[in-house]
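**Q** Below: sequence and its predicted model.
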Amino acid sequence: MLNVSHQVCQCSQEDQMPKPAVDGMNITFYEGQITAFLGHNGAGKTTTLSILTGLFPPTSGTVLIGGLDIQTHMDSIRPRLGMCPQYNILFNHLTVAEHILFYSQMKGRSRDEAEQELETMLEDMGLAHKRNEEAQNLSGGMQRKLSVAIAFVGEAKVVVLDEPTSGVDPYSRRSIWDLLLKYRSGRTIILSTHHMDEADILGDRVAIISQGKLFCSGSPVFLKNCFGSGFYLTLVRKRKNTTIGRASVRCHIKRASYTHPFLPSV
């Protein structure tokens, strides 16, 4: 379990008063679940994730990971923490296999354990045929998949992903989704996105953030029930009499209301 409360990071620009990038946030993340931060560009998603991983110190507040404060016990937390930043950070002249082996052993895995993890990760990510390819020769989508894979190596129990599917093709996006859903068990996964479909499909919980503030959080079904505006159905008929059309719609959707009583014939 992760507890985050009252995180405030001050950001300033020339000729402007400092303003909080993350303001008074209080949220809990749970093991075995994916929590999706949903928000527009500049909402504070990346800053929040940077605070969670210890990259930025909060101006005030606490972050607890497994009961340990990141400001005082980061050395104990780091071995079980994995992160995929918004932009790929790869070594150009290391191969795909060398990347995974390097980070796995850096997390304390033995050579044999790292080799076993390598084979599993390559298979799950669909990168087996690229195992000996240098990172600089990979496509953008494959570089992103490698960055996501690195976040999970070493049996990371808390995985933070900053827009993990940014800039990838639909096929790579789907394979990343499948990996996250497969690896969700026994882990706490936190990701940021500005795609509503991604948050809906992946998120056990969705946290909507704007201007550094947490506006609401809950399961996708809960949020839809509370804030959803329903559906719009457009019917185009050649006859001006819409009585039949109204009756037909009401047979299926009893609570349907009409925004336009009549549409011109086409």
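**A** Thanks, I have the structure now.
**Q** How about residues contacting the helix or strand that contains M83?
**A** Following DSSP states H and E, one finds M83 within strand 81-84. Applying CB atoms under 8 Å, 6 or more residues apart in numbering, the contact partners of strand 81-84 are 49, 53, 65, 147-148, 150-154, 156-162, 164. No exception for glycine: its C-beta is placed from N, CA and C like everyone else's.
**Q** After it, which helix or strand is next? Please name it.
**A** Later in the chain than strand 81-84, the nearest helix or strand by DSSP H and E is helix 96-106.
**Q** Now do the buried residues in that following helix.
**A** By 16 or more other CB atoms under 10 Å, the buried positions in helix 96-106 come out as 96-101, 103-105.
**Q** that older thread, ok, the strand holding M83: who's next to it in the sheet?
**A** strand 158-162 (parallel) (DSSP bridges).
**Q** After the strand it pairs with, which helix or strand is next?
**A** Counting by DSSP H and E, the element after strand 158-162 in chain order, helix or strand, is helix 170-182.
**Q** just checking, what packs against that next one?
**A** helix 111-125, helix 140-152, helix 196-202 (3 or more CB pairs under 8 Å, 6 or more residues apart in numbering; DSSP states H and E).
**Q** And the ones you listed: which comes nearest P20?
**A** helix 196-202 (23.6 Å; CB to CB).
**Q** partners of the very next helix or strand once past the closest one, with directions?
**A** Using DSSP H and E, the helix or strand that directly follows helix 196-202 along the chain is strand 205-210. Applying DSSP bridges, strand 205-210 is found paired with strand 33-38 (parallel), strand 213-218 (antiparallel).
**Q** Quick one: residues in contact with the last one.
**A** Residues from elsewhere that reach strand 213-218, judged by CB under 8 Å, 6+ apart: 23-27, 35, 44, 205-209, 223, 226-227.
**Q** And for the first one?
**A** By CB under 8 Å, 6+ apart, the residues outside strand 33-38 that reach it are 27, 29, 45, 48-49, 180-181, 184, 188-194, 196, 198-199, 202-209, 217.
**Q** Could you point out which residue ranges in the stretch 151-266 of the chain have low pLDDT?
**A** Residue ranges of the stretch 151-266 of the chain with pLDDT under 70: 229-233, 235-245, 252, 255, 257-266.
**Q** how is the chain carved up into domains?
**A** The record's domain parsing of the chain by automatic domain parsing lists 2-227, 231-266.
**Q** what's the most buried one of those?
**A** With neighbours taken as mean count of other CB atoms under 10 Å, those reach their highest mean count in domain 2-227, at a mean of 18.
**Q** tell me how far that domain is from the chain's mean position?
**A** In terms of CA atoms, centre = their mean, to the nearest Å, the centre of domain 2-227 is found 6 Å from the chain centre.
**Q** Surely D75 is in a helix?
**A** Yes. Checked against DSSP: H, G, I helix; E, B strand; the rest coil, D75 lies within a helix.
**Q** my read: H99 touches L90, true?
**A** Yes. Counting by CB atoms under 8 Å, H99 touches L90, with 6.6 Å between them.
**Q** Overlap in contacts, the two.
**A** In contact with both H99 and L90: 135, 146, using CB under 8 Å, 6+ apart.
**Q** residues contacting the closest residue in space to N132 that isn't next to it in sequence?
**A** For N132, ignoring the flanking residues on the chain, the nearest one in space by CB to CB, 6 or more residues apart in numbering is T95 at 5.2 Å. Going by CB under 8 Å, 6+ apart, T95 touches 131-135.
**Q** Please apply the same query to G44.
**A** G44 neighbours (CB under 8 Å, 6+ apart): 21-23, 209-213.
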